[in-house]
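J.: Below are the sequence and a predicted model; questions follow.
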Amino acid sequence: GAKAAQKRERNAAKAGSNAKSQIKTNQAAMNIICQTCRQTFLLTTRAPALEEHAKNKHGKSMAECFPTAGK
């Protein structure tokens, strides 16, 4: 009913003021870059995923595409 709708509105107003976007944080963390195609990957991306990208997209080794990864 109306009471529930009012409570939802109040809670939405409270939550809206505290919500923070992580877009800028995620963009800053995209610091692993493929040297062949310049695609960016998150800092937390594991070696198997980078290896898969290098093999599937370029037919190269991970070291060729990501010389700085894991260092």
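T.: Looks like it arrived, so ask away. Residues are numbered from 1 along each chain as shown.

J.: can we go C-alpha only for contacts and neighbour counts from here?
T.: OK.

J.: any idea where the helices of the protein begin and end?
T.: Here the chain has its helices, by DSSP state H, at 2-18, 23-28, 47-53, 62-65.

J.: what does the model give Cys37 for pLDDT?
T.: pLDDT recorded at Cys37 is 94.

J.: Could you dump the helices of the chain into TSV with mean pLDDT, mean neighbour count and distance to Arg38 added?
T.: Formatted as TSV, those follow (pLDDT from 0 to 100; neighbours: other Cα atoms under 10 Å; distance: least, Cα to Cα, whole Å):
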stretch	mean pLDDT	mean neighbour count	distance to Arg38
helix 2-18	82	10	35
helix 23-28	85	10	14
helix 47-53	94	15	12
helix 62-65	92	18	9
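
J.: For Cys37, which of those is the nearest?
T.: Of all the helices of the chain, it is helix 62-65 that lies closest to Cys37, at 8.6 Å by Cα to Cα.

J.: got a list of contacts for that closest one?
T.: For helix 62-65, the external contacting residues (Cα atoms under 8 Å, 6 or more residues apart in numbering) are 34-36, 50-51, 54-55, 69.

J.: Pick out the most distant pair among those.
T.: Lys55 and Ala69 (15.3 Å).

J.: Compare those two (neighbour count), which wins?
T.: Ala69 (17 against 13; other Cα atoms under 10 Å).

J.: Excluding residues flanking it in the chain, which one is nearest the more buried one?
T.: Closest residue to Ala69 apart from its sequence neighbours, by Cα to Cα, 6 or more residues apart in numbering: Ile32 at 6.7 Å.

J.: so what's Gln39 closest to, chain neighbours aside?
T.: Ile33 (5.6 Å).

J.: Surely that neighbour touches Pro67?
T.: No. Using Cα atoms under 8 Å, Ile33 makes no contact with Pro67, being 9.4 Å away.

J.: who's more crowded, these two?
T.: Ile33 (19 against 14).

J.: Who does the more buried one form a beta bridge with?
T.: Beta bridges link Ile33 to Thr40 when assigned by DSSP bridges.

J.: Run through the residues that contact it.
T.: With contact set as Cα under 8 Å, 6+ apart, Ile33 has these partners: 39-41, 66.

J.: please redo it, this time with the cut-off set to 10 Å
T.: For Ile33, the contact set (Cα atoms under 10 Å, 6 or more residues apart in numbering) comprises 39-43, 50, 65-69.
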